[in-house]
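Q: Sharing a sequence plus its predicted fold:
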Amino acid sequence: MGGPSISRSRTPDDPMMSHSTYTEIGMAGNRLEVEPRAGFALALVVLLLFAIGVAGATGYQIVHSEWRMVVQNNEGQGAMVFARAGLQRFMAEQVGDFADTVTYSLSGGDAIVAARKVADVDDFSSMYLLSSEGVYSDPGTSLAPARRTVNQYAVHKETPVDWLAAITQSSGSLTVDDQGQVDGTDSSSSGDCPDGDGPAIVGIARGGDAISFRPQDVDGSADSVSYGSHAGVLSALDLSWSTLTDPNFPVDFQGVWAGGIPVDSFPVVRFNGDKTGYGWTGGRGLLIVTGTFSPRWDFTWEGVILTSHFSPKVGGSSSDSEFTIDGAVISGLDGLGAGTVINEWGTIEYHRCNVIEALGALAHFRPVGNTWWESM
């Protein structure tokens, strides 16, 4: 009574208690921890550190994955831009002969465009499938380049004009003098080109103006055919006269006659304003004259002549007014209605090979609407 007391819950020697732990309760209820807890604390610390490490690694992986998704999305968008740019550039730049596969080097990547012929449409055009693969890589990352491919059908216009006749008079009257010659029968042979010895075409095609000729001076699948108007002829020709006469439209020779060209070359020659052709200036290819073209002095041309007005000399000696066109002539393209006379010394004879070669220099692609899609 009145003095301190000591209570033991178990003694170390108690067989019901582990020899490693026991508790003493002293004065005022103080608890004396005498069992070792170091092992448990250390395990807890290790567990906490492990949990922190896992959480950190998981967070890093989440952040890194999100970063990769953002980068890959940006690169994918870049690849798509390159693919579409390559497709548009190919259709804009491939004039004349073109390669089946073209690679454009762009800032940060490439566009690889391939063209595959699908079918022939008619004598003047074919259907192609164009595929453009865009390849883009962000220079700030080490990820593999992103790749996306787009496709589109396009018509390859193998000529810039669908020729209609040996001579086409879009506007203005046309007269063929006695003994003048206009012939739509193909004068080429299969030895000249694979497409040679082709079917005859019309002798004279016209808008709505009058024509005059003797039947024996004009030949072809038909002597003549009318398209009713200047606009009707342009539509049938599928010709953009404003494009061909635009000073920014590139040609092989501007303002000068072609010289020093290979024997199998058919260049594009353009003159702004009026021009006179002489025997010593003759040649071959596609001749574009934005004004009046006047052939003189045994002028000869192998190919096609496009002009606002075709004006051979009427009367005089044969040496002064003779000319020969082996190909085709299209005149009256300005729509102003100036008349044309093919004099008694003039000859316009359809030559299919020369026409194809001359117009092939301006072959081009036209996209088919609503045929664009992405390869998945």
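A: Looks like it arrived, so ask away. Numbering: from 1, shown residues only.
Q: so Leu87 touches Leu129, yeah?
A: No: in this structure Leu87 lies outside contact range of Leu129 using Cβ atoms under 8 Å: 11.3 Å. Yep, even glycine has a C-beta here, placed from its N, CA and C like the rest.
Q: who has more neighbours, these two?
A: Using other Cβ atoms under 10 Å as the criterion, Leu87 and Leu129 rank with Leu87 on top: 25 against 15.
Q: pretty sure that one is in a helix, no?
A: Yes: checked against DSSP: H, G, I helix; E, B strand; the rest coil, Leu87 lies within a helix.
Q: list the contacts for it?
A: Ala111, Val113, Leu130, Ser132, Val150, Gln152 (Cβ atoms under 8 Å, 6 or more residues apart in numbering).
Q: do the same with Cys193
A: Shown in contact with Cys193 (Cβ under 8 Å, 6+ apart): Arg352, Cys353, Ile356, Glu357.
Q: mind putting these in a markdown table, neighbour count, pLDDT and distance to Gly255 included?
A: Shown next, in a markdown table, are the contacts of Cys193 (neighbours: other Cβ atoms under 10 Å; pLDDT from 0 to 100; distance: Cβ to Cβ, whole Å):
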| residue | neighbour count | pLDDT | distance to Gly255 |
| --- | --- | --- | --- |
| Arg352 | 24 | 95 | 30 |
| Cys353 | 25 | 95 | 28 |
| Ile356 | 26 | 92 | 26 |
| Glu357 | 23 | 93 | 23 |
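Q: and which of the contacts of Leu87 is nearest Asp217?
A: Of all the contacts of Leu87, Asp217 sits closest to Leu130, with 46.7 Å by Cβ to Cβ.
Q: so where's this protein shaky on pLDDT?
A: The chain contains residues with pLDDT under 70 at 1-40, 42-47, 49-51, 53-76, 139-143.
Q: Apart from its neighbours in sequence, what residue is nearest Asp120?
A: Leaving aside its chain neighbours, Asp120 sits nearest to Ser126 (5.2 Å; criterion: Cβ to Cβ, 6 or more residues apart in numbering).
Q: and the one you found, what element?
A: Ser126 is part of strand 125-136 when elements are defined by DSSP states H and E.
Q: sorry, back to before: give me the common contacts of Leu87 and Leu129.
A: Going by Cβ under 8 Å, 6+ apart, residues that sit against Leu87 and also against Leu129 are Gln152.
Q: ranges for the strands of the stretch 201-350 of the chain?
A: Across the stretch 201-350 of the chain, reading from the start of the chain, the strands by DSSP state E, counting those that start in this stretch fall at 202-206, 211-212, 218-219, 224-226, 253-254, 268-271, 275-277, 283-295, 299-310, 323-331, 340-342, 346-350.
Q: Give the partner strands of the fifth one in its sheet and their orientations.
A: Right, strand 253-254. strand 268-271 (parallel) (DSSP bridges).
Q: which residues sit against the partner strand?
A: 244-245, 251-258, 283, 285-291, 293, 361-362.
Q: can you check stretch 207-214 too?
A: Counting by Cβ under 8 Å, 6+ apart, 169-176, 178, 180, 182, 204, 223-224, 226-230, 232-233, 332, 337, 339 sit against stretch 207-214.
Q: Surely Pro312 touches Phe293?
A: No: the pair Pro312 and Phe293 does not pass the contact test of Cβ under 8 Å, sitting 9.2 Å apart.
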